[in-house]
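*Asks:* structure here, sequence nowhere to be found:
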């Protein structure tokens, strides 16, 4: 009887897994269709003489793996960066560390347009050259992150700004995320905040308390107006299970349930891979 009970349980789990997989696949196709329809609408413009009903829908045709792959590439590679930082692609196989690519907002940190920086050396833009060189020689550059350096002013004047360099190696070269560093920030203070937060987490004895503590600590560290934890249920719908707000004018989202279609499947995969999602300014385009 016990063996039969176990077998029924296994079959039940397999059936549930298949059902979840089929539901996910159906939702993914719906996401692709919605994305394509949105792109069609956007490209059609806002001509007042044309009716929205005349715009074709992606639902009108069958979607294949090619459509899904194209959609996944567009979702995972938006071609944009967050407004608080600059992104560089560097050739770290040559001593000059030539800049191969840079985001359009380079002037915000360097007072230089991208065209001025392409082809120059990464080290030309920072004061602490040796610190950067030491980090790049490491087999795993992520262990050096963040590399805190000073931006070299274009005209040689004073008033250098401190930035953090976040290094990532990938097939085309070295990716360098450059983010501004608050004047009051330092590694010791950050370590202390993390240590205190871990001590608090160790004192919790239930999951809801732990979730609430996590969002409070993230809020304390980042200073953002709202931090929340979002749970994906087995039927793929979502729920805000903890939240903290520093601005009372913000409407609370705690306890709200969202349909499975609220977060597209590929975006959901990104959330799982990066459990903390930081939005510096929710009202400003990237």
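*Replies:* Received, thanks. Since we're looking at a predicted model, the values are computed, not measured.

*Asks:* contacts, neighbours, all on C-alpha from now
*Replies:* OK.

*Asks:* which SSE is immediately downstream of the lowest-mean-pLDDT helix or strand in the chain?
*Replies:* Between all helices and strands in the chain, the lowest mean by mean pLDDT, DSSP states H and E belongs to helix 2-44, at a mean of 67. Sequence-wise, the next helix or strand downstream of helix 2-44 (DSSP states H and E) is helix 65-76.

*Asks:* now the helix or strand just after that next one: average pLDDT?
*Replies:* Next helix or strand after helix 65-76 toward the C-terminus (DSSP H and E): strand 85-91. In this model, strand 85-91 carries a mean pLDDT of 92.

*Asks:* what of stretch 177-194?
*Replies:* The model assigns stretch 177-194 a mean pLDDT of 72.

*Asks:* stretch 211-225 now?
*Replies:* The model assigns stretch 211-225 a mean pLDDT of 88.

*Asks:* cool, and stretch 97-111?
*Replies:* On average, stretch 97-111 scores 92.

*Asks:* could you list the buried residues of that stretch?
*Replies:* Judged by neighbour count (16 or more other CA atoms under 10 Å), stretch 97-111 contains these buried residues: 97, 98, 99, 100, 101, 102, 103, 105, 106, 109, 110.

*Asks:* what of stretch 250-268?
*Replies:* Those would be 253, 257, 260, 263, 264, 265, 266, for stretch 250-268 by 16+ other CA under 10 Å.

*Asks:* secondary structure, distance to residue 178 and pLDDT for those residues - can I get that in a markdown table?
*Replies:* Formatted as a markdown table, those follow (DSSP: H, G, I helix; E, B strand; the rest coil; distance: CA to CA, whole Å; pLDDT from 0 to 100):
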| residue | secondary structure | distance to residue 178 | pLDDT |
| --- | --- | --- | --- |
| 253 | coil | 32 | 95 |
| 257 | strand | 36 | 96 |
| 260 | helix | 35 | 84 |
| 263 | coil | 29 | 83 |
| 264 | coil | 29 | 85 |
| 265 | helix | 30 | 82 |
| 266 | helix | 26 | 83 |
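
*Asks:* of all those, which comes closest to residue 73?
*Replies:* residue 266 (9.8 Å; CA to CA).

*Asks:* all helices of the stretch 101-250 of the chain, in order?
*Replies:* Along the stretch 101-250 of the chain, the stretches classed as helices by DSSP state H, counting those that start in this stretch are 107-110, 114-117, 129-136, 187-202, 207-222.

*Asks:* for residue 154, find the nearest of the ones you listed.
*Replies:* So among the helices of the stretch 101-250 of the chain, helix 107-110 is nearest, using CA to CA, at 7.0 Å.

*Asks:* returning to what we had before: can you say which of the helices of the stretch 101-250 of the chain is nearest to residue 64?
*Replies:* Short answer: helix 114-117, nearest of the helices of the stretch 101-250 of the chain by CA to CA, at 38.3 Å.

*Asks:* what is the closest one packed up against?
*Replies:* With contacts defined as 3 or more CA pairs under 8 Å, 6 or more residues apart in numbering; DSSP states H and E, helix 114-117 has these neighbours: strand 98-102.
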